[in-house]
Structures are given as structure tokens and as C-alpha cells.
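Asker: Attaching a predicted model along with its sequence, questions to come.
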Amino acid sequence: MNYVTLNNGLEMPQLGFGVWQVPDEEAEPAVTKALETGYRSIDTAKVYENEQGVGRAIVKSGVSRDDLFITTKVWNSDQGYEETLKAFDASLERLGLDYVDLYLIHWPMPEVDNYVETYKAMEKLYHDGRVKAIGVCNFNIEHLQRLLDECDVVPVLNQVECHPYLQQKDLKAFCEKHNIYVEAWSPLMNGGDVLKHDVTTGMAEKYSKTPAQVIIRWHLQSEAIVIPKSVTPSRIEENFNVFDFELSPDEMNQMAELDRNQRKGPEPNDVNKG
């Protein structure tokens, strides 16, 4: 397992397990399998409605809490200072935990314009020791810049849609400049055809890996944090089995040339409701 050191000194597994679109009753067996496989970072959110299932799996796993890295997020309808504090308490109760390692704003919702106050509430949670790190999701450069200008704690990461067809090069450069990690959601493009591209299938054949493993490896070598999701036990194992090969500089360049600025999810400025 690879770890990265966030800008506040906290270590985080570079490869984690996501549970977006996983129903609560399926989250428990999926997370159980992930923890058995070796994952130690689990990414959930209030809006996924599976924090309880994640929490049950954590308790039953027997893995020491100190060895786990648990992320959850404040949803759009809970933004605002007091609302965020209440939402955090509710997430913590559903998870059955005393703290979370990382708390994120799910979307900036710039037209609603509550994300600065929301982040200031998260700063309080951080200073109170109830979260070990805070960050954001789906923030464009202008949203990040405003937090840097108006808040005290630099986000440790920005979780955004990122895959070979949407490589977020400008955003990554901005984040790198400010010591903010980029974490990739939908890292395999969720139903996109990048898994069938000649470049990824060719590399998969060369290394006796799957195209998904090649793409996850590309994320890791691109210095991104990555959280593939699956409920299929064999895929959960497959997505984790990416530490025994390495793409060459030429292959990394071939992957870089796949960028199309092609989204599967919404543009962050277009999301302005709960």
C-alpha cells in the first residue's frame, strides 16, 4: 500500500475504496470485503445513505481504528455554519465513530454561496480535534482560490471527477502549487469507453493486467489519490492488485494524450441545489 502525506502531516492511503451508489445493505459486505483485501481508506458521504452500513463493516472488521482512514462529506442541503456542525454530528452517529479522518464539502454550489461559511464550520471541527483533516470536492480553481483568500486552513485535497478522458491538468497544477492533493472520483469513467481504448487494452495485455488496473496504476503514478468503487468481490480484489507493475514514462505519456476534457458528471458550477 502506498501512502501520501497531506499538507497537515496526516498520512492517507493513496488507494481507497469508494461506496458511491452502493445501497446501505450492500455497503456492509462490500466494505467488509475491501478491508479483508487490504484497503484501509473508505470514502462515503451523507447523500450516499450508506454511512450506517460502512460503520457496521468497520466495527465487525476487527481492524484497529487507528489503521483506518474514513472520509465522509457534508451534503448541499446541509451547507451553512450551524447546519454543517449538525450534519457532521449526524454523520458521526450513523458511522458509529468518535471522529472521522477527513471531512469534505461535497459541491461548492457557487450560486447559493454558502461554501465559505460551511468551510469555516469545518475549520472549527478540525481545530476541536473532531476531524483530522478537511477538504473539498468538485471545486474549480476559482472556488479553491476563494477559500485560500478567506479561510485559515488550506484544504488537504480536492476530490474531483478524474480519469484518462478528463485529466484535470490545470486544476492539478493549481492544487500542486498550493500543496493540495487531487483525489479522483469516477477514476474508471463509470461506464465510459476508456476501458476499451487501444492504449489501455494494449498495456493491460502487456502486463497481464486488466484495463481498469492499468488506469488505477496511471492515477497512482500521476500522484493522485484514487477511490475505485465496486460491490463485486473479484473486482474489489482486482482494483487493489496494482502494486506489482509500473507504467513506463513513454506509457505515461501515451495515457496523457488520451485527455479529451470529457466529463461524465456535471460541471461544478452547474450544481446549485441539494
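Answerer: Good, I have the coordinates. Numbers count the residues shown, from 1 in each chain.
Asker: any idea which helix or strand comes after the helix or strand harbouring K73?
Answerer: Element membership for K73 (DSSP states H and E) is strand 69-74. Following strand 69-74 in sequence order, the next helix or strand is helix 81-95 (DSSP H and E).
Asker: okay, the angle between that next one and strand 69-74?
Answerer: Counting by axes from the mean of the first three to the mean of the last three C-alpha atoms, to 10 degrees, helix 81-95 lies at 140 degrees to strand 69-74.
Asker: Quick check: mean pLDDT of helix 81-95?
Answerer: Taken as a whole, helix 81-95 has an average pLDDT of 98.
Asker: Now do the strand holding K73: everything it contacts.
Answerer: Contacts to strand 69-74, defined as C-beta atoms under 8 Å, 6 or more residues apart in numbering, come from residues 12-13, 16, 40-47, 51, 54, 58, 84, 87-88, 91, 95, 97, 100-106, 118, 122, 137. (Each C-beta comes from the backbone N, C-alpha and C, glycine too.)
Asker: List only those of those residues flagged as buried.
Answerer: The neighbour count (16 or more other C-beta atoms under 10 Å) marks 12-13, 16, 40-47, 51, 54, 58, 84, 87-88, 91, 95, 97, 100-106, 118, 122, 137 as buried among the contacts of strand 69-74.
Asker: from those residues, which ones fall inside strands?
Answerer: Here DSSP state E is the test, and the buried ones among the contacts of strand 69-74 give 12-13, 41-43, 102-105, 137 as lying in strands.
Asker: Looking at those, spot the one nearest Y181.
Answerer: Nearest to Y181, judged by C-beta to C-beta, of these is M12 at 7.9 Å.
Asker: Please name the bridge partners of that closest one.
Answerer: With DSSP bridges as the criterion, M12 is bridged to V4.
Asker: dump the residue contacts of it.
Answerer: 3-6, 41, 69, 101-102, 133, 156, 181, 225.
Asker: May I see the ChimeraX selection of the buried members of those?
Answerer: Here is the ChimeraX command that selects only those of the contacts of M12 that count as buried (16+ other C-beta under 10 Å):
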select :4,6,41,69,101,102,133,156,181,225
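Asker: quick one: which of the contacts of M12 is nearest to K273?
Answerer: L102 (24.5 Å).
Asker: hang on, the closest one packs against A133?
Answerer: Yes. With contact defined as C-beta atoms under 8 Å, L102 and A133 form a contacting pair (4.9 Å).
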